[in-house]
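*Asks:* Any chance you could fold what I've pasted below:
(4 chains)
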Number of protein chains: 2
Amino acid sequence: MSPTPPDRPRLVDVAELAGVSMKTVSNVINGYAYVSEDTRDRVLTAIERTGYRPNLSARSLARGRSGFIALVVPRLDMPYFAVLAARVISAAEALGWFVLIHQTDGDSRAERDALEGQFPQRVDGLIVSLHSLGAEDVARRRSSIPLVALGDRGLGPDVPHVGIDNIGAGKLAVRHLVESGCRRIAMIGSGMTHRNLRAQGFFEGLLDAELALLPELMRPIAGNSGEEGERATTELLAEIDEPPDGIFAVTDWVAFGAMRALDHHGLRVPDDVCVIGFDDIPYSPSFNPSLTTIAPDREAIASRAVDLLADQIDGGSRSKAIREQAEFRLVVRESTQRTAR
Amino acid sequence: MSPTPPDRPRLVDVAELAGVSMKTVSNVINGYAYVSEDTRDRVLTAIERTGYRPNLSARSLARGRSGFIALVVPRLDMPYFAVLAARVISAAEALGWFVLIHQTDGDSRAERDALEGQFPQRVDGLIVSLHSLGAEDVARRRSSIPLVALGDRGLGPDVPHVGIDNIGAGKLAVRHLVESGCRRIAMIGSGMTHRNLRAQGFFEGLLDAELALLPELMRPIAGNSGEEGERATTELLAEIDEPPDGIFAVTDWVAFGAMRALDHHGLRVPDDVCVIGFDDIPYSPSFNPSLTTIAPDREAIASRAVDLLADQIDGGSRSKAIREQAEFRLVVRESTQRTAR
DNA sequence: CTGAAAGCGCTTACAG
DNA sequence: CTGAAAGCGCTTACAG
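*Replies:* Got it, this is the predicted structure:
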């Protein structure tokens, strides 16, 4: 068509320059054994001189593997997922994989397609953070593409899962509030059923502290946004006579909204009400007051997820029932630090 | 046919089932002309029945194009870039491209490699948001991979650029502050040299309002983070006798920090000091007070960037000196809305 | 409008 | 340790 642009050097060019066969060059590139020092050096020099870099489309075609994994998240513009994606990309690149980010918008149909590997580009494996679908849906899937689950809930016994100990994290949050002097603790967040582990951690934390669980202080919301958090907190304050003295918000963003509502209601954070969030997004230190929160080790989550996926892809074995738990830590900031009085 | 596990159907399987040649199937898939209605239907049915989806590695190899474009950003976990990436992915997918996100961490060497197309995977084009490198560096590049620049500055006459009218946006921010009653307006942000367009907009805005430019109210910072914004504002308030009555922060995050500093200094937002940010990140409505800001039309930026890149890749022509400007708008929230007194 | 065939640039049994 | 060759699944001149 057009006068071909600077044709990139091919494997055969390297082989020719080095005076060896393509097979040998391939061996060197892929780190296989049985290449003499001398030959290896000649090949390496030839690669250097030609500026050769393998054509990965050709490699994929020959190997029957694409070299891509898909990271399936609701939306990349939600900071939790953005941070996660950043880490997953880095971890995957270290293992020679490319990451295709696929946004489902939380749509169940899009999530189902993703589970079936219905991407335009073939992928060798999936790391998924599902919003609408659960273990039952995963059990029904036809595709056998290796899969690793991220997020609060696992996706059944057949799917390796990386998360944190949400019960423990919930308990830690409550304990910190209690130690900060709170006795009437509210919780705000979406999906607060009995199966929600953070909520369960919340219950257990109250139990440990021998505090009553007051149902009117449990405020479920539709989605974990600041707007929802603000609305729920405003409603809570309107409906109840004695306001809570502590709030556990299921994400930092929800906590931001809660703090707005408290302020509008004339309640001071932390002196009247302590607030703790979850996630440790980059803005939490800059909020006013800065937000105490639980910080999951996202780096660890991402790299473990990639490792588990690599095991499946390489090993071929569906590693069953693996449940990895990454660390988390409490980051204490102004929103729970009462001035000694 | 074979009882072996679901080997994915190939083009040839579709052709066989439809009773046509591979060429014809290819024609149908790629939307070429000269296929009879009847034949097309048969092929489509066969594709449907087999569940055929093309192997893109094979296609890439045959076409000599990878089907990938790279989005080069400093870090994906910075919300501005996360939102942008989300939009770029969507826009590119609509055109049949995949997006490889490449994080440079702002490192000049990483940016240089990216400009040269030094990715493990070959890419057909680049959309770059550079941090360390500028037009001079781009002029020196050897690679001729199609390139589109994003961000405040363009990258020289040879590189199409998509941004917003930063001067106009800066002026709009100042005008809004002035209309809110501000007369002593400070600006906080990184890179505030004479070449910074938002800073220039700031100057012009002051000029328009016939306000003096007070050098001590210009506060450059190292990076646009909340921490830096807070520190710069604290220093400003310490060094100056009469505090400003308005602050233009170069990003929302910087504005968050500035508002913290103002509060700690006993100044109320907006009654004592109005604050306006830039970016409209998702947290700005949830800050307390909620943040007035300039919202660039990121959707438009992303889709125009992808369009311009597609033009270059398909057209082959290096479309020179294209400067696209996306819309932006003022989003007024609490941080500049003084109660009528 | 459609077919037969070459070719894209790798990997990988299979020989040696 | 290394070579010659088949094959991965497409696209695309080239014929017809």
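
*Asks:* per-residue confidence averaged over stretch A:103-110?
*Replies:* Across stretch A:103-110, pLDDT averages out at 93.

*Asks:* whoops, stretch A:60-80 was the one
*Replies:* Stretch A:60-80 comes out at a mean pLDDT of 90.

*Asks:* List the buried residues of that stretch.
*Replies:* Within stretch A:60-80, the residues scored as buried using 16 or more other CB atoms under 10 Å in any protein chain shown are A:60-61, A:65-80. (Glycine included, C-beta is placed from N, CA and C.)

*Asks:* Tell me which residues touch residue A:267, please.
*Replies:* A:237, A:243, A:273 (CB atoms under 8 Å, 6 or more residues apart in numbering or on different chains).

*Asks:* Against DNA strand D, how distant is the residue positioned nearest the centre of chain A?
*Replies:* Taking CA atoms, centre = their mean, the centroid of chain A lies closest to residue A:84, which sits 4.4 Å from it. Counting by CB to the nearest atom of the strand, to the nearest Å, the gap from residue A:84 to DNA strand D is 32 Å.

*Asks:* In a helix, that residue, correct?
*Replies:* Yes - assessed by DSSP: H, G, I helix; E, B strand; the rest coil, residue A:84 belongs to a helix.

*Asks:* need the contact list for it.
*Replies:* A:71, A:73, A:129, A:150, A:298, A:301, A:302 are the contacts of residue A:84 under CB under 8 Å, 6+ apart.

*Asks:* neighbour-wise, which of the contacts of residue A:267 leads?
*Replies:* residue A:273 (27 neighbours; other CB atoms under 10 Å in any protein chain shown).

*Asks:* quick one: contacts for that one?
*Replies:* A:243, A:244, A:245, A:246, A:247, A:262, A:267.

*Asks:* Read off the pLDDT value for the fourth one.
*Replies:* In this model, residue A:246 is scored at 98, pLDDT.

*Asks:* try residue A:7
*Replies:* pLDDT, residue A:7: 68.

*Asks:* next one: residue A:38
*Replies:* Reported pLDDT for residue A:38: 84.

*Asks:* Just give me how far the helix or strand containing it sits from the chain centre.
*Replies:* Using DSSP states H and E, the element containing residue A:38 is helix A:37-50. How far helix A:37-50 lies from its chain's middle: 41 Å, per CA atoms, centre = their mean, to the nearest Å.

*Asks:* Kindly report the same for stretch A:262-271.
*Replies:* The answer for stretch A:262-271 is 32 Å, by CA atoms, centre = their mean.

*Asks:* So which bits of it are buried?
*Replies:* For stretch A:262-271, using 16+ other CB under 10 Å, the buried residues are A:262, A:263, A:267, A:269, A:270.

*Asks:* Return the residues of the stretch 51-200 of chain A in contact with DNA strand D.
*Replies:* Within reach of DNA strand D by CB under 7 Å from any atom of the strand, the stretch 51-200 of chain A has these residues: A:58, A:61, A:62, A:64.

*Asks:* isn't the second one right next to residue B:59, touching?
*Replies:* Just to be clear, that refers to residue A:61. No - between residue A:61 and residue B:59 there is no contact under CB atoms under 8 Å: 9.4 Å.

*Asks:* And the strands in chain A?
*Replies:* Remark: strands assigned in chain A by DSSP state E are A:68-73, A:98-103, A:125-128, A:147-150, A:161-164, A:185-190, A:218-221, A:246-249, A:274-278, A:292-296, A:323-326, A:328-331.

*Asks:* Quick one: those as JSON lines, columns for distance to DNA strand C too.
*Replies:* Putting these into JSON lines (distance: least, CB to the nearest atom of the strand, whole Å) gives the following:
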{"stretch": "strand A:68-73", "distance to DNA strand C": "15"}
{"stretch": "strand A:98-103", "distance to DNA strand C": "15"}
{"stretch": "strand A:125-128", "distance to DNA strand C": "17"}
{"stretch": "strand A:147-150", "distance to DNA strand C": "23"}
{"stretch": "strand A:161-164", "distance to DNA strand C": "28"}
{"stretch": "strand A:185-190", "distance to DNA strand C": "46"}
{"stretch": "strand A:218-221", "distance to DNA strand C": "50"}
{"stretch": "strand A:246-249", "distance to DNA strand C": "50"}
{"stretch": "strand A:274-278", "distance to DNA strand C": "44"}
{"stretch": "strand A:292-296", "distance to DNA strand C": "37"}
{"stretch": "strand A:323-326", "distance to DNA strand C": "29"}
{"stretch": "strand A:328-331", "distance to DNA strand C": "40"}
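
*Asks:* could you dump those strands to a markdown table with distance to chain B?
*Replies:* Below are the strands of chain A laid out as a markdown table (distance: least, CB to the nearest CB, whole Å):
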| stretch | distance to chain B |
| --- | --- |
| strand A:68-73 | 9 |
| strand A:98-103 | 6 |
| strand A:125-128 | 15 |
| strand A:147-150 | 16 |
| strand A:161-164 | 18 |
| strand A:185-190 | 13 |
| strand A:218-221 | 13 |
| strand A:246-249 | 11 |
| strand A:274-278 | 12 |
| strand A:292-296 | 14 |
| strand A:323-326 | 17 |
| strand A:328-331 | 15 |
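
*Asks:* which one of these lies closest to residue A:228?
*Replies:* Checking the strands of chain A against residue A:228 by CB to CB gives strand A:218-221 as the closest, at 4.1 Å.

*Asks:* Relative to that closest one, what are the paired strands and their orientations?
*Replies:* strand A:185-190 (parallel) (DSSP bridges).

*Asks:* quick one: average confidence on the strand it pairs with?
*Replies:* Rounded mean pLDDT across strand A:185-190 is 95.

*Asks:* Compute the inter-axis angle for it and strand A:274-278.
*Replies:* 30 degrees (axes from the mean of the first three to the mean of the last three CA atoms, to 10 degrees).

*Asks:* if you skip the residues just before and after it, what's nearest to residue A:175?
*Replies:* residue A:205 (5.8 Å; CB to CB, 6 or more residues apart in numbering or on different chains).
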